[in-house]
Each structure stands twice: as C-alpha cells, then as structure tokens.
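Student: Below is the sequence, then the predicted model.
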Amino acid sequence: TLSGDSGGVHINSGIPNHAFYRFAKALGGPAWKLPGGIWYEAMRKLSSDSTFTDMVSTTLMIAAARHGDGSRVHRALTQAWRDVGL
C-alpha cells in the first residue's frame, strides 16, 4: 500500500474514488471544500446510465467553469484522471 493511504483505502476503492483522492491530494486543504464541491455537482448531473467518460467530462467541465480552463484546479483534475487511466 501507499504510505499515508491507511492500508490502501483510497487506491483500492474504485476508479472515480481514486481520482478524487489524487485530485484532493494535489490541491491540498480539506477535500470536502473545493474538490468535494466539484464532485458533488458532477454527481447531481450524472445518472445511473452515466459512464466513466461522462464522469471525467462532467468534472472537467465543472472545474473549468468554476476555476478556468487550464487553471491549477483544472490541471490537477486532468492529471488525476490521467493517473487512473482515464
């Protein structure tokens, strides 16, 4: 397991959860603040038929709308998705 991952709780919890973990770690601060707001808004827009691609595009759209396309937040989220293979 990764150091600081409490026995692999984040890395082993699913692809979107691991992307969120990486995104939150890259930004620092409380995860429920900035990254949590993006995830919450995305989850409200998605449905049970949504795909990984829908999740990626929706979170990136929200990050760009809130913080600017190419902003530090948008870049961190883009990298988090790349890190998990999406």
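Tutor: Looks like it came in fine. Residues are numbered from 1 along each chain as shown.

Student: Distance from the one helix or strand residue 17 maps to to the middle of the chain?
Tutor: Residue 17 belongs to helix 15-27 when assigned by DSSP states H and E. Relative to the mean C-alpha coordinate of its chain, helix 15-27 is positioned 5 Å out (C-alpha atoms, centre = their mean, to the nearest Å).

Student: In it, which residues are buried?
Tutor: 16, 18-24, 26-27 (16 or more other C-beta atoms under 10 Å). For the C-beta atoms, the positions are set from N, CA and C on the backbone; glycine is no exception.

Student: can you redo these as JSON lines with distance to residue 37?
Tutor: Formatted as JSON lines, these follow (distance: C-beta to C-beta, whole Å):
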{"residue": "16", "distance to residue 37": "16"}
{"residue": "18", "distance to residue 37": "19"}
{"residue": "19", "distance to residue 37": "15"}
{"residue": "20", "distance to residue 37": "12"}
{"residue": "21", "distance to residue 37": "16"}
{"residue": "22", "distance to residue 37": "17"}
{"residue": "23", "distance to residue 37": "12"}
{"residue": "24", "distance to residue 37": "11"}
{"residue": "26", "distance to residue 37": "15"}
{"residue": "27", "distance to residue 37": "11"}
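
Student: Can you tell me which of these is nearest residue 83?
Tutor: Lowest distance from residue 83 to the buried residues of helix 15-27 (C-beta to C-beta) belongs to residue 22, with 5.2 Å.

Student: and the residue nearest to that closest one when sequence neighbours are not counted, what is it in contact with?
Tutor: Distance criterion C-beta to C-beta, 6 or more residues apart in numbering; nearest residue to residue 22, sequence neighbours excluded, is residue 80 at 4.0 Å. Residues in contact with residue 80 (C-beta atoms under 8 Å, 6 or more residues apart in numbering) are 19-20, 22-23, 26.
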